[in-house]
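Undergrad: Here is the input, now give the coordinates:
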Amino acid sequence: MFRLPHLLLSAALLSLCACSAQETPRPATPVEAQASHADLGALRVHYNLLPTLSMNPTVAGNYGVQREADRALLVVALRQLDNGQELPAKGSVLATATDLSGKRQQVALREVRTGEYTDLIGVLDAHPHDQLQVELKVTTPVANGDVRFQRNF
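TA: Numbering: from 1, shown residues only. Below is the predicted model:
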């Protein structure tokens, strides 16, 4: 009777050993943080792309965003650089997201107020295992330019 649990435990340990393929354990490698802003002269462009389900329900409600599977929120913030300070900046941004299959999505951005700042947000399709390349075409009185970044889901 006592032999059966021991036998099962031994079998489980042997099966786990077989999974290693004789590799020695490796230390975890930290993942570098991805850039979240780009400077275009005196203009700083902050950006982020995150799954809507990862948003706090209160924040999503304040932004007027539905938390849904397979949807992501693009946030773009324009700031004018002045002696180390970031000041509100007005401008327009055209956003396009492209997945690895080449499917392109134009992202409709709208303004939202966050304190004294106005940010731009838009919702787009983003499925598990998607890799999205995002291009932002920025036009402001301070500077113009393109910003590109990538996010994995």
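Undergrad: Which helix or strand contains the residue nearest in space to the middle of the chain?
TA: Geometric centre of the chain, nearest residue: residue 49, 3.5 Å, by C-alpha atoms, centre = their mean. In the assignment (DSSP states H and E), residue 49 maps to strand 43-51.
Undergrad: Helix or strand next in line after that strand, which one?
TA: helix 57-63.
Undergrad: Which parts of that following helix count as buried, going by neighbours?
TA: 60, 63 (16 or more other C-beta atoms under 10 Å). Where C-beta positions appear, they are placed from N, C-alpha and C, glycine not excepted.
Undergrad: By mean pLDDT, which helix or strand of this protein comes out lowest?
TA: Least confident helix or strand of the chain, by mean pLDDT, DSSP states H and E, is helix 3-19 with a mean of 52.
Undergrad: Past that one, which element shows up next along the chain?
TA: Downstream of helix 3-19 (by DSSP H and E), the next one is strand 37-40.
Undergrad: That following strand pairs with which strands?
TA: Partner strands for strand 37-40, per DSSP bridges, with pairing direction: strand 43-51 (antiparallel).
Undergrad: any idea of the mean pLDDT in the strand holding residue 49?
TA: Across strand 43-51, the average pLDDT comes to 97.
Undergrad: Same check on stretch 91-99?
TA: Computed over stretch 91-99, the average pLDDT equals 97.
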